[in-house]
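**Q** Sequence below, structure please.
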Amino acid sequence: MATRVLRLTLLLLSLAVPVFAARPVTVEQLRQQLQSLSAKGDAEAARQITDLKLTERMTRDQESELEKTLPGQKSRQALLAVVDQSAFLSPPAQQTPEKAAPDLAEQRRLMTLVVNYVVKTVPKLPDFLATRTTVRFADSPQRLGSSVTEYEPLHLEGTDRGQVSYVDEREVADDEAKGGKDAAARRGLQS
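**A** Now for the predicted structure:
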């Protein structure tokens, strides 16, 4: 009886918790995969892309080149999610310099130059205005009222844009200048 209950419990858990194992691919393998997807529909291409996970970092130039081969917006968003997940991975071997790390004396000399640069330069930085774009992704089920929708792999949740200025050696977001917090700061993000 206990074995039957255990089997039933395991079956229910396997149905309730989706197991999505992304297939690891290199940048070159992803490029080849995307070439084969160019004839498929946008939704199918997006589904197949979300089943992939890069094993090395992809550059924005490589991403832009691959984006052009995709059939639509859904597949482009899926590619963006896969590429953004690779941001903290090591670059491909051909992009890694072969030069050895500097010795301790050279590292100290370089750090002294960095400190001197920061001390002398930051107070002289000009005031400027920029647009900060924050792209948010989610990989958990979305809640609609009291029900939970079907699980979606990493997908675009939204984008925030806000004006950010650098005035008197300090960053000031547009909403902050008006007495509020900008959208990124409300979500706990800080630059």
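**Q** looking at it, Q33 is touching D51, isn't it?
**A** No. Contact criterion C-beta atoms under 8 Å: Q33 and D51 do not qualify, at 9.7 Å. For glycine as for every other residue, the C-beta is placed from the backbone atoms N, C-alpha and C.
**Q** Determine how far the longest helix seen in the chain lies from the middle of the whole chain.
**A** Using DSSP state H, we find that the single longest helix of the chain is helix 104-121. Relative to its chain's centre, helix 104-121 lies at 31 Å (C-alpha atoms, centre = their mean, to the nearest Å).
**Q** Need the residues that contact it.
**A** With C-beta atoms under 8 Å, 6 or more residues apart in numbering as the test, helix 104-121 has contacts from 101-102.
**Q** so where is the chain shaky, pLDDT-wise?
**A** Residue ranges of the chain with pLDDT under 70: 1-21, 140-151, 174-191.
**Q** again, 80 this time
**A** Confidence mapping of the chain against pLDDT under 80 gives the ranges 1-22, 37-39, 92-97, 122-127, 139-155, 166-191.
**Q** Which residue would you name as the spatial centre of it?
**A** Nearest residue to the geometric centre of the chain (C-alpha atoms, centre = their mean): D84, 2.7 Å.
**Q** For that one, which non-adjacent residue is closest in space?
**A** Leaving aside its chain neighbours, D84 sits nearest to F137 (6.8 Å; criterion: C-beta to C-beta, 6 or more residues apart in numbering).
**Q** Show me the domain layout of the protein.
**A** Domains of the chain are assigned by automatic domain parsing as 2-85, 113-186.
**Q** which of the ones you listed sits most buried?
**A** domain 2-85 (a mean of 15; mean count of other C-beta atoms under 10 Å).
**Q** I figured R23 hits T50, correct?
**A** No. Contact criterion C-beta under 8 Å: R23 and T50 do not qualify, at 10.5 Å.
**Q** residue boundaries of the strands in this structure?
**A** According to DSSP state E, the chain carries its strands in the segments 23-25, 52-54, 128-138, 143-144, 147-148, 155-167, 170-173.
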